[in-house]
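> Structure for this input, please:
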Amino acid sequence: MDRLRAFEMFCAVVGRGGFARAADALDTSPANVTRYIAELEAHLGTRLLNRTSRRLSLTEAGEALYERARAIVDDVAEAEAAATASAEGARGRLRINAPLVFGIRHLAPLWPRFMALHPEVELDIALSDRVVDIVEEGYDLGIRISRAGSQAYVARKLATSRNVLCAAPAYLARHGAPQTPADLVDHACVIYGYAPEPDVWTLLDADGAETRVRVGTRLRTNSGDTARLVALAGEAITWQPGFLIGEDLRAGTLVQLLPGWRLPDIDILALYASRRHLSAKVRLMVNFLSEAFKGVPPWERD
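This is a model prediction of the structure:
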């Protein structure tokens, strides 16, 4: 039995949801697919698939094998693509983890263009604001928003986003605007729960000198969109990245506070494991994103 071909057949059956569709995708007959799956199950001594007239599902053994078999099939495809040194030869699944809001607003519009350019690459996008270990959780690439970069992974900067202290005109009409960072103690503030010190805000003056202030907390959240909406409603002051509130600032629905002071910028980074060979599909994606965000980033454009 050709085990690599058997793995390819098995992955196609699972991915396509049936023997006939797998046969069409692999340009073979359903009988041939059935034979390979039967031989693979006999070789392993266990059933991999539960079959009924209406439904096909993985057994526990099948679930355990699928992810590993899929990785093997993808790695072989990548090795073939690398041997041809052809960008058009890149293929297989590309698993990407990215922050929720940034992923929806600024990455999702890019995926159709990448898909059109590289039809043999299957995108698997997971959005989450929690800190993910991309190696442990099986991702090929991570998009991170960070001030400090990363010591665990190779990091390529895609863009920079300024952070902006802001409030709605309605809030300022009722409570006035802070004149110094210390005034923030007496204001209602929305704080971001995933920040290292959520209720301690750091501001820089024109010379770069740092001031840290413990702000008055009205609401704590791990969602930038929640903080933005509370600020837009005129209930609190917040700081948010330009990629989230750029349009609000241009429209005047949020107003930048404390002229002469600024928050530290943050970088948009592409992270991948330094201990692994950089595959053609990861290289293509990193270069694609770098080109998309080159120059003035989209959230700063008028």
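> all contacts plus neighbour counts: C-alpha atoms, from now on.
OK.
> just so I have it, where are all the helices in this structure?
For the chain, the helices defined by DSSP state H occupy 3-16, 19-26, 30-44, 60-84, 100-102, 111-117, 169-175, 224-232, 242-251, 280-292.
> Could you pull up the residues touching the closest residue to A177 other than its chain neighbours?
Nearest residue to A177, sequence neighbours excluded (CA to CA, 6 or more residues apart in numbering): L257, at 7.1 Å. Going by CA atoms under 8 Å, 6 or more residues apart in numbering, L257 touches V164, L165, C166, A167, A177, P178.
> Name the nearest of those relative to L184.
L184 lies nearest to P178 out of these, by CA to CA, at 6.3 Å.
> Now do the phi/psi pair for that closest one.
Phi and psi for P178, reported as degrees, to the nearest 10, are phi -60, psi 140.
> wouldn't it be in contact with C189 here?
No: look at P178 against C189 with CA atoms under 8 Å: they stay out of range, at 11.7 Å.
> Looking at the two, which is more packed in?
C189 (24 against 16; other CA atoms under 10 Å).
> Do you know the pLDDT at that one?
Residue-level confidence at C189 comes out at 94, pLDDT.
> Tell me how many other residues crowd V282.
Per other CA under 10 Å, the neighbour tally for V282 reads 19.
> In contact with the closest residue to T34 other than its chain neighbours, which residues are there?
Spatially, and ignoring its direct neighbours in sequence, T34 is nearest to F19 (7.0 Å; CA to CA, 6+ apart). By CA under 8 Å, 6+ apart, the residues touching F19 are V13, P30, V33, T34.
> ok, of the contacts of L257, which one's closest to M285?
Proximity of the contacts of L257 to M285, judged by CA to CA, is greatest for V164, which lies at 29.2 Å.
> Now that the closest one has come up, it's in contact with I237, right?
No: counting by CA under 8 Å, V164 does not reach I237; the two are 10.6 Å apart.
> Same drill for those two, tell me which one is more crowded.
Neighbour count, other CA under 10 Å: between V164 and I237, I237 has more, with 32 against 23.
> I figured that one hits C166, correct?
Yes: assessed by CA under 8 Å, I237 is found in contact with C166 at 5.9 Å.
> and M9, how far is that from E120?
Distance from M9 to E120, counting by CA to CA, to the nearest Å: 17 Å.
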